[in-house]
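Peer 1: Okay, here's the prediction I keep looking at, along with the sequence it came from:
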Protein chains: 2
Amino acid sequence: MSFKKITIAGAGTLGSQIAFQAAFYGFTVSIWNPHPDRAIRRLNKVQKMYKQEMGITDSDVKRAMKNIVEITNDMEIATKNTEYVIESVPENLEIKGIFYQKMCQVLPKDVILASNSSTLVPSQLVKFVDRPEKFLHMHFANHIWKFNTSEIVGNEKTDKEVIDKVVEFAKEINMLPIVLKKEQSGYIMNSLSVPYLNAALGLWAKGVADPMTIDKDWMKATGSPMGPFMSLDAIGLRTTYAIFNAHAEDAAAKAIADKLKQMIDEGHYGIEAGEGFYKYPHPAYESADFLKV
Amino acid sequence: MSFKKITIAGAGTLGSQIAFQAAFYGFTVSIWNPHPDRAIRRLNKVQKMYKQEMGITDSDVKRAMKNIVEITNDMEIATKNTEYVIESVPENLEIKGIFYQKMCQVLPKDVILASNSSTLVPSQLVKFVDRPEKFLHMHFANHIWKFNTSEIVGNEKTDKEVIDKVVEFAKEINMLPIVLKKEQSGYIMNSLSVPYLNAALGLWAKGVADPMTIDKDWMKATGSPMGPFMSLDAIGLRTTYAIFNAHAEDAAAKAIADKLKQMIDEGHYGIEAGEGFYKYPHPAYESADFLKV
């Protein structure tokens, strides 16, 4: 295996999934989190999702959890004997900057360090790090057991062997490694999906067609199992609203934000609310004749 | 059935597919084309594709072709006893304008008239027509037997009954009707796919990642059977180049056009050339382990 022990720093939505995925695939994992109790609650949630969606058993969970050897708010303990640290602390440049400065003070110089940041690029974070040649980004998508890609990209100084080793690790935890040749805001997946989701929201806000019609057209014409509004229900409309509202000086963005706001005010903000563009737990698109002519 | 007889005006790539699809589903079809011999050659090609991709037999073809009762360059003959005319003449406002003026001179006032235009909207064409309440757009995608959607949209005056009748017809020829509430350049499908394909081409032109990596990331993350570069190979790189070259004053568009030009100059312009981003007839994505971790 690529690493004898790895450390996940920050056990939020994604950090807890990465920790469990690695432990499930046999890695010895330690978790650093400022609030260990919250990390434990997150891990419990993750276990439930793996059982429901992956059909793993209680004994699979037990075996995986045995590999999580520490959950601590002490960086020195969390990083003891570690060979790879994946940072997944809140998505904020200042918070990440403080984290890296503290982490580099305790972390042996030969340990590889990766960020799971979804919105920042390596050149923004590498300045906080004392080992640019051992620093890179390894980006996971939510629900990593299902959407199992890892977008991997270095900074200008990252050693090729470091990239190769992380690619090997990705495969060992059943992630398809997607290596970028240079940094890109949004990596590949968000660079493609954001303009596509924007276009779908624009058609809806302009009243060209309703969400279900748009989804059906896309699915039938591309063979995809999902349309844009199903993805938006999964992402959650509150997250989507925040993005468009931040650009409300643009009339098209404001029109989208206003329509989303109305849905959110009615409590229909996506799958987690039980209703968004579709009603859950049995959305129309699960019906066998959703795409029937 | 919705119509006793229909007329396809213009038997190019799509017109010939619409004619065959309607005839295959039992409609009596006449074809108007300025060059009947070319229409026949197109229909022969279409027959081959249906046999190859849909597995229909020679006797199915024979039965369908019996329903195509005229192929003529005479508008009066082509429209005799017809109840519905679908225009699929070249994608040019002037050509379409002349066509509609001539067609309306011979066509009885109660006949419904639709345009299959992919780039023009109803408000641009309705001014050439003497029956706005019976005029609408019915837009098909290339390879209609597989990508079986019909995007349907009226102009401001189109009768609701006319829309309903064309929706019924769409279903009868096995097309999923996608009804737009108002006109939209690119309808729904192109409004979504153009920004998505642009983004993919931008990542490639900027050197962020190679086409196969981008396709894999999209497919794994969305469950879609196709990535953007597979779609581009199907569309053809010469068509794509023409679009980006027309906006070459924009540096990003020019960078994409330049890279496409290079591939076209090497003869690698898509599936029809045997090579594009992938090599055909056995492209890498057909391999069982294309998405293997």
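Peer 2: Perfect, I can see it now. All values derive from a computational prediction rather than experimental measurement.

Peer 1: burial measure for residue A:91, as a count.
Peer 2: 13 (other Cβ atoms under 10 Å in any protein chain shown). No exception for glycine: its C-beta is placed from N, CA and C like everyone else's.

Peer 1: Distance of the residue nearest to it when sequence neighbours are not counted relative to residue A:78?
Peer 2: Leaving aside its sequence neighbours, residue A:91 sits nearest to residue A:119 (Cβ to Cβ, 6 or more residues apart in numbering or on different chains; 5.7 Å). From residue A:119 across to residue A:78, the span is 25 Å (Cβ to Cβ, to the nearest Å).

Peer 1: Which helix or strand in chain A has the lowest average pLDDT?
Peer 2: helix A:237-245 (a mean of 93; mean pLDDT, DSSP states H and E).

Peer 1: Buried ones in that helix, by neighbour count?
Peer 2: Residues of helix A:237-245 classed as buried by neighbour count (16 or more other Cβ atoms under 10 Å in any protein chain shown): A:237, A:240, A:241, A:243, A:244.

Peer 1: Would you agree the second one is in contact with residue A:232?
Peer 2: Yes. The pair residue A:240 and residue A:232 passes the contact test of Cβ atoms under 8 Å, sitting 5.8 Å apart.

Peer 1: so what sits against both of these two?
Peer 2: A:197, A:201 (Cβ atoms under 8 Å, 6 or more residues apart in numbering or on different chains).

Peer 1: What are the buried residues along the helix or strand encompassing residue A:191?
Peer 2: Element membership for residue A:191 (DSSP states H and E) is helix A:189-205. Of all the residues in helix A:189-205, those buried under the rule 16+ other Cβ under 10 Å are A:189-205.

Peer 1: That one near chain B anywhere?
Peer 2: Yes. Using Cβ under 8 Å from any Cβ of the partner chain, helix A:189-205 reaches chain B at A:189, A:191, A:192, A:193, A:194, A:195, A:196, A:198, A:199, A:200, A:202, A:203.

Peer 1: Same check on stretch A:267-286?
Peer 2: No. Judged by Cβ under 8 Å from any Cβ, stretch A:267-286 stays clear of chain B, getting no closer than 12.7 Å.

Peer 1: what's the span of that stretch, first residue to last?
Peer 2: In stretch A:267-286, first residue to last residue: 22 Å (Cα to Cα, to the nearest Å).

Peer 1: So what touches that stretch?
Peer 2: A:211-212, A:215, A:227, A:229-230, A:232-238, A:263, A:290.

Peer 1: what bits of chain A have low per-residue confidence?
Peer 2: Within chain A, no range satisfies pLDDT under 70.

Peer 1: how about the strands in it?
Peer 2: Secondary structure of chain A (DSSP state E): strands at A:5-9, A:28-32, A:68-72, A:84-87, A:112-115, A:135-140, A:149-154, A:176-179.

Peer 1: Rebuild those strands as a markdown table, extending it with mean neighbour count and distance to residue B:40.
Peer 2: Shown next, in a markdown table, are the strands of chain A (neighbours: other Cβ atoms under 10 Å in any protein chain shown; distance: least, Cβ to Cβ, whole Å):
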| stretch | mean neighbour count | distance to residue B:40 |
| --- | --- | --- |
| strand A:5-9 | 26 | 66 |
| strand A:28-32 | 25 | 68 |
| strand A:68-72 | 18 | 70 |
| strand A:84-87 | 23 | 63 |
| strand A:112-115 | 26 | 62 |
| strand A:135-140 | 24 | 55 |
| strand A:149-154 | 25 | 49 |
| strand A:176-179 | 20 | 48 |
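
Peer 1: how about CSV for these, with distance to chain B added?
Peer 2: Converted to CSV, the strands of chain A look like this (distance: least, Cβ to the nearest Cβ, whole Å):
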stretch, distance to chain B
strand A:5-9, 18
strand A:28-32, 19
strand A:68-72, 22
strand A:84-87, 18
strand A:112-115, 18
strand A:135-140, 10
strand A:149-154, 5
strand A:176-179, 4
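
Peer 1: now those strands as TSV including distance to residue B:221?
Peer 2: Listed next are the strands of chain A as TSV, based on distance: least, Cβ to Cβ, whole Å:
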stretch	distance to residue B:221
strand A:5-9	21
strand A:28-32	24
strand A:68-72	26
strand A:84-87	19
strand A:112-115	19
strand A:135-140	11
strand A:149-154	5
strand A:176-179	9
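
Peer 1: how far away is the nearest residue to residue A:138 once chain neighbours are set aside from residue A:83?
Peer 2: Counting by Cβ to Cβ, 6+ apart, residue A:114 is the residue found nearest to residue A:138 once chain neighbours are left out, at 4.2 Å. Counting by Cβ to Cβ, the separation of residue A:114 from residue A:83 is 12 Å.

Peer 1: The longest helix along chain A near chain B at all?
Peer 2: Scanning chain A for the helix with the most residues, using DSSP state H, yields helix A:36-54. No. Remark: helix A:36-54 sits outside contact range of chain B, by Cβ under 8 Å from any Cβ, the gap being at least 13.6 Å.

Peer 1: Which strands or helices does that helix pack on?
Peer 2: If you count contacts as 3 or more Cβ pairs under 8 Å, 6 or more residues apart in numbering or on different chains; DSSP states H and E, helix A:36-54 packs onto helix A:13-24, helix A:58-66, strand A:68-72.

Peer 1: quick one: contacts for the residue lying closest to residue A:103 once chain neighbours are set aside?
Peer 2: Using Cβ to Cβ, 6+ apart and skipping the chain neighbours, the partner closest in space to residue A:103 is residue A:75 (6.3 Å). Residue A:75 is in contact with A:9, A:32, A:102, A:103, A:106, A:107, counting by Cβ under 8 Å, 6+ apart.

Peer 1: And residue A:75, how far from residue A:213?
Peer 2: 52 Å.

Peer 1: Next: residue A:66.
Peer 2: Taken as Cβ to Cβ, the span from residue A:66 to residue A:213 is 50 Å.

Peer 1: do the same with residue A:169
Peer 2: 43 Å.

Peer 1: what about the two, which has more around it?
Peer 2: residue A:169 (26 against 22).

Peer 1: I'd guessed the more buried one sits against residue A:84; true?
Peer 2: Yes. Using Cβ under 8 Å, residue A:169 is in contact with residue A:84, at 6.8 Å.

Peer 1: joint contacts of those two?
Peer 2: A:2, A:3, A:6.

Peer 1: what sits against residue A:114?
Peer 2: Here residue A:114 is in contact with A:84, A:85, A:86, A:87, A:135, A:136, A:137, A:138, A:166 (Cβ under 8 Å, 6+ apart).

Peer 1: Dig out what it forms beta bridges with.
Peer 2: residue A:86, residue A:136 (DSSP bridges).

Peer 1: Residues in contact with stretch A:115-127: which ones?
Peer 2: With Cβ under 8 Å, 6+ apart, stretch A:115-127 has contacts from A:14-15, A:18, A:86-88, A:91, A:93, A:96-97, A:100, A:132, A:135-140, A:153-158, A:183-187, A:190.

Peer 1: Just give me the neighbour total for residue A:59.
Peer 2: Neighbour tally, residue A:59, other Cβ under 10 Å: 8.

Peer 1: Distance of it relative to residue A:46?
Peer 2: 17 Å.
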